[in-house]
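Trainee: the sequence and its predicted three-dimensional model are supplied below.
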2 protein chains.
Amino acid sequence: MQTLADIGEDELIRRFVRGLKQDASVIAGPGDDCAVVQGNLEALVLKTDTVVEGVHFTEATPPRLIGRKAMARVISDFAAMAATPRHALITFIAPPHTPVKRALEVYAGLRSMAESFGVNIVGGETSRGSQLILTVSMTGTAPNHQWVSRNQARAGDDLYVTGRLGGSIRGKHLKFHPRMAEAHWLAQNLSVHAMMDISDGLAQDLPRMAAACGLGFEVDLSALPRTPGCTPQQAWGDGEDYELLLAISPKTQAKKLAAWKHAFPKLKLTRIGRLVEKQHAPLAPDGGWQHFRS
Amino acid sequence: MQTLADIGEDELIRRFVRGLKQDASVIAGPGDDCAVVQGNLEALVLKTDTVVEGVHFTEATPPRLIGRKAMARVISDFAAMAATPRHALITFIAPPHTPVKRALEVYAGLRSMAESFGVNIVGGETSRGSQLILTVSMTGTAPNHQWVSRNQARAGDDLYVTGRLGGSIRGKHLKFHPRMAEAHWLAQNLSVHAMMDISDGLAQDLPRMAAACGLGFEVDLSALPRTPGCTPQQAWGDGEDYELLLAISPKTQAKKLAAWKHAFPKLKLTRIGRLVEKQHAPLAPDGGWQHFRS
């Protein structure tokens, strides 16, 4: 079987970008020192994210799903800001003995996910390394500066999550659908004060949101919407759900919340607790995913 | 000694970004799902680049120089387009047993190089992995769409390089200064039809430029400006010089070339050959750096 060592860098890149779809905003795509895209008057939104063999996927993961996941994770971050992803750069690191077919399938997973969200892949970088690593760097826009940060929530705000939590390792971590339409709907229809995606687990991500706002939180573990078969502890601690966590004004009208059910009848939106002044916050239960920690 | 496993991801990032300098174009920096920066009417320029332990540096490389190199390589790509780098995202991958001090020194190298070129670090990503890998993703601008590609040269254009080539492994690959001022001067003062930085060696990069233009090339190996102690073959084949390769109109006036000496008295600008129609091109000598190739 052909390996990367057989075909080399230039030929690999040629095969990666063959037939790549790009829209009119791309002035110069792959092949130059940098990509050039059309600027505009909106705020630019930037994000990079990486998936590493042995951490975010295994040697046995189907390669298309590796690429899919790498792209979907970054798109999920744009959703979490209610921003729109537009242009991606791909860094592809792999051992020289990697079969070319495997590399192309990884890239096909990246491309297909990018295309379904209107993202142009405009360039990237390849290098050899001891394990397969994909980094996706994305730029996008926030029309009229309407984006949602994670640090503007207030004490008393209600905490909600989309979907169900826990047990992502059984497959959802490779096949989740970024909550893009949902995030934009929420930002437009409710008083969303803060939003983020749950990538490292509520146990890690909720304290991060609270800390960013200078607040504490109360969560009712028994109220967490659980993936069937999961315990409340798993819903709290498991990572990679890529659902949205949001803090909304407690004055939000019931009829606005009811409109969610009409817009997204198949996806739950569940109140799980609220943000409180720091000194009133109970000690948080343990769990969640931390890189580097043994 | 404290390792990344001791302090974990959140604390590592806190130490990375403490006191980070950012200018007024940064609306939201590190700490949210994405960074948000001020957009504008210029063309956006995007680039990502990566350095890998065992490929671009060794375990023995001083950590500040690793960070310096990772940032300088991307800035060099912006120079190669006569564009201006503005906002960087850093992906930091390292084994959990990495000393915190080493990680912070790597980041200090990134920061100091970024600051000297007016680049804002606005976010990034960390993960564990089996070797140290830094990826820098940069966005920047090309005022009035005045940027220089590598594919607009014409048959008959003269080929020039800045500086001296070869022997970069002896130290320059870690300490090179991106040719930013030089590139902008060249783009403004000469009829530069194509430009790129020489990262993989002339032997790789010149054929890439010629191919991008649909042309062949003639090079006089004995005319290559050599680092003292280097052979013409080394000047041709060694990678990582990060000098500029440019194709300029053969009608360029001698007095304009003479102005270079006045603007940059310490840096050579040397004619090394010319671009020709493909069928007239001699076979290229061998050499240069290819990722993946055994």
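Mentor: Noted; the coordinates are in hand. Numbering: from 1, shown residues only, chains lettered A, B, ... in the order given.

Trainee: can you tell me the closest non-neighbouring residue to A:Gln131?
Mentor: Of all residues not flanking A:Gln131 in the chain, A:Glu53 sits nearest, at 4.3 Å (Cβ to Cβ, 6 or more residues apart in numbering or on different chains). Any C-beta I mention is one placed from the backbone N, CA and C, and that applies to glycine too.

Trainee: what about that neighbour, neighbour count?
Mentor: 21 (other Cβ atoms under 10 Å in any protein chain shown).

Trainee: I'd guessed it sits against A:Glu59; true?
Mentor: Yes: contact criterion Cβ atoms under 8 Å: A:Glu53 and A:Glu59 qualify, at 6.6 Å.

Trainee: how about stretch A:117-127: buried residues?
Mentor: Residues of stretch A:117-127 classed as buried under the neighbour-count rule (16 or more other Cβ atoms under 10 Å in any protein chain shown) are A:Phe117, A:Val119, A:Asn120, A:Ile121, A:Val122, A:Gly123, A:Gly124, A:Glu125, A:Thr126, A:Ser127.

Trainee: ok, and which of these reach chain B?
Mentor: Filtering the buried residues of stretch A:117-127 for proximity to chain B by Cβ under 8 Å from any Cβ of the partner chain leaves A:Val122, A:Gly123, A:Gly124, A:Glu125, A:Thr126, A:Ser127.

Trainee: the residue of the stretch 1-150 of chain A found nearest chain B bridge partners, please.
Mentor: The minimum distance from the stretch 1-150 of chain A to chain B, using Cβ to the nearest Cβ, falls at A:Ser137 (3.4 Å). A:Ser137 has these beta-bridge partners by DSSP bridges: A:Thr48, A:Leu89.

Trainee: would you check that it makes contact with A:Thr91?
Mentor: Yes: at 7.3 Å, A:Ser137 counts as touching A:Thr91 under the criterion of Cβ under 8 Å.

Trainee: of the two, which one has the most company?
Mentor: Under the criterion of other Cβ under 10 Å, the comparison of A:Ser137 against A:Thr91 puts A:Ser137 first, with 31 against 25.

Trainee: which neighbouring elements make contact with the helix or strand containing A:Thr126?
Mentor: A:Thr126 is located in strand A:120-128, with elements delineated by DSSP states H and E. Under the contact definition 3 or more Cβ pairs under 8 Å, 6 or more residues apart in numbering or on different chains; DSSP states H and E, strand A:120-128 sits against helix A:4-17, strand A:35-37, strand A:84-94, helix A:100-116, strand B:43-52.

Trainee: okay, those in JSON lines with mean pLDDT next?
Mentor: Output for the helices and strands packed on strand A:120-128, formatted as JSON lines (pLDDT from 0 to 100):
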{"stretch": "helix A:4-17", "mean pLDDT": "82"}
{"stretch": "strand A:35-37", "mean pLDDT": "80"}
{"stretch": "strand A:84-94", "mean pLDDT": "93"}
{"stretch": "helix A:100-116", "mean pLDDT": "93"}
{"stretch": "strand B:43-52", "mean pLDDT": "92"}
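
Trainee: export the ones you listed to a markdown table and append columns for distance to A:Ala281.
Mentor: Converted to a markdown table, those look like this (distance: least, Cβ to Cβ, whole Å):
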| stretch | distance to A:Ala281 |
| --- | --- |
| helix A:4-17 | 48 |
| strand A:35-37 | 44 |
| strand A:84-94 | 34 |
| helix A:100-116 | 38 |
| strand B:43-52 | 39 |
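
Trainee: so which of these comes closest to A:Asp241?
Mentor: Checking the helices and strands packed on strand A:120-128 against A:Asp241 by Cβ to Cβ gives helix A:100-116 as the closest, at 17.5 Å.

Trainee: centre of the chain versus that closest one, how much separation?
Mentor: Its chain's C-alpha centre and that of helix A:100-116 lie 17 Å apart, by Cα atoms, centre = their mean, to the nearest Å.

Trainee: wait, isn't A:Thr9 in contact with A:Ala103?
Mentor: You called it Thr, but residue A:9 is Glu. No: if you go by Cβ under 8 Å, A:Glu9 and A:Ala103 don't touch, sitting 11.2 Å apart.
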